[in-house]
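Q: Return atomic coordinates for the entry below.
(one chain, ligands or ions: 1)
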Amino acid sequence: MSTSDLSITDDRWRAIVENDKSYDGVFLYAVKTTRIFCRPSCKSRPPKRENIRIFTSAEQALAAQFRPCKRCKPTGQRLPDHDWIAGVAEYVSSNYMKDLTLHILAEISHGSPYHLHRTFKRIMHVTPMEYIQRTRLEQAKKLLTCSHQSVAEVGENVGLSNTPYFITLFKKNTGYTPFQYRQLKSKVTQNGGTQHGISNE
Ligand SMILES: [Zn+2]
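A: Predicted structure coming up:
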């Protein structure tokens, strides 16, 4: 790559001063004095022209010891899928008790259902719906083991308010009904010799 590729041309300078969005993804600029790099569209105050360094990727700028701007997040472009899917998974982890569908997740994460489904599967190795189900069942196991909620309540608290469906799904995945699972776990705890006489059932 010739050095002129990374020089601050009039065109680039204009894009920086005018916060021209159409240059986002084309180049990045770093400021030598602050050691921060930005997208052309960044609304931060334009630096002095002589302090600017041009990069064509966030990796280059990072390698040259510049830090990404917190305002325009110039690294967001390079790992979009992982960040995106991590955000969706995080959303599921804190909203599994609510009504969740692929369409709801797609809407919340600003993607099409089709694209979300494919990308999620590629990165997480399960589909979004499988991930939701897995999260719900894990939470149900916890509640069955550590709470005195009824099976119906447990189902409701993990987003599976249709009790027969909850029981069927649970059994299909664990080999036990929620009730059997609870009994099994309480036996394990008792045999573990922590304390006896707790259960009065
Ligand atoms: Zn910026």
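Q: contacting residues for Phe27?
A: Contact partners of Phe27, counting by C-beta atoms under 8 Å, 6 or more residues apart in numbering, are Arg12, Pro40, Ile54, Phe55, Thr56. From N, CA and C alone the C-beta is placed, and that goes for glycine too.
Q: Is the ion within reach of the strand or helix carrying the first one?
A: Translated: Arg12. Arg12 is part of helix 10-17, with elements assigned from DSSP states H and E. No. Judged by C-beta under 5 Å from the ion, helix 10-17 and the ion are separated, with a smallest distance of 10.3 Å.
Q: Partner strands of the helix or strand following that helix, with direction?
A: Using DSSP H and E, the next helix or strand after helix 10-17 towards the C-terminus is strand 28-31. Pairing partners of strand 28-31, with direction, according to DSSP bridges: strand 36-38 (antiparallel), strand 52-55 (antiparallel).
Q: just checking, what packs against the helix with the most length in the chain?
A: Criterion DSSP state H: the longest helix present in the chain is helix 128-146. In terms of contacts (3 or more C-beta pairs under 8 Å, 6 or more residues apart in numbering; DSSP states H and E), helix 128-146 is packed against helix 80-95, helix 102-108, helix 113-124, helix 151-157, helix 163-174, helix 178-191.
Q: give me that answer again for 6 Å
A: Judged by 3 or more C-beta pairs under 6 Å, 6 or more residues apart in numbering; DSSP states H and E, helix 128-146 is in contact with helix 80-95, helix 151-157, helix 178-191.
Q: Now distance to Leu105, mean pLDDT and mean neighbour count too, for these, in CSV please.
A: Output for those, formatted as CSV (distance: least, C-beta to C-beta, whole Å; pLDDT from 0 to 100; neighbours: other C-beta atoms under 10 Å):
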stretch, distance to Leu105, mean pLDDT, mean neighbour count
helix 80-95, 6, 87, 15
helix 151-157, 20, 97, 18
helix 178-191, 26, 86, 15
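Q: Chain neighbours aside, what residue packs nearest to Pro46?
A: Nearest non-adjacent residue to Pro46, counting by C-beta to C-beta, 6 or more residues apart in numbering: Val17, 5.0 Å away.
Q: what residue ranges in this protein score low on pLDDT?
A: For the chain, residues meeting the criterion pLDDT under 70 lie at 1-4, 77-80, 189-201.
Q: interface residues of it facing the ion?
A: Counting by C-beta under 5 Å from the ion, the chain sits next to the ion at Cys38, Cys42, Ser44, Cys69, Arg71, Cys72.
Q: hang on, the earlier thing: what subset of the contacts of Phe27 is buried?
A: Buried residues within those, defined by neighbour count using 16 or more other C-beta atoms under 10 Å: Arg12, Pro40, Ile54, Phe55.
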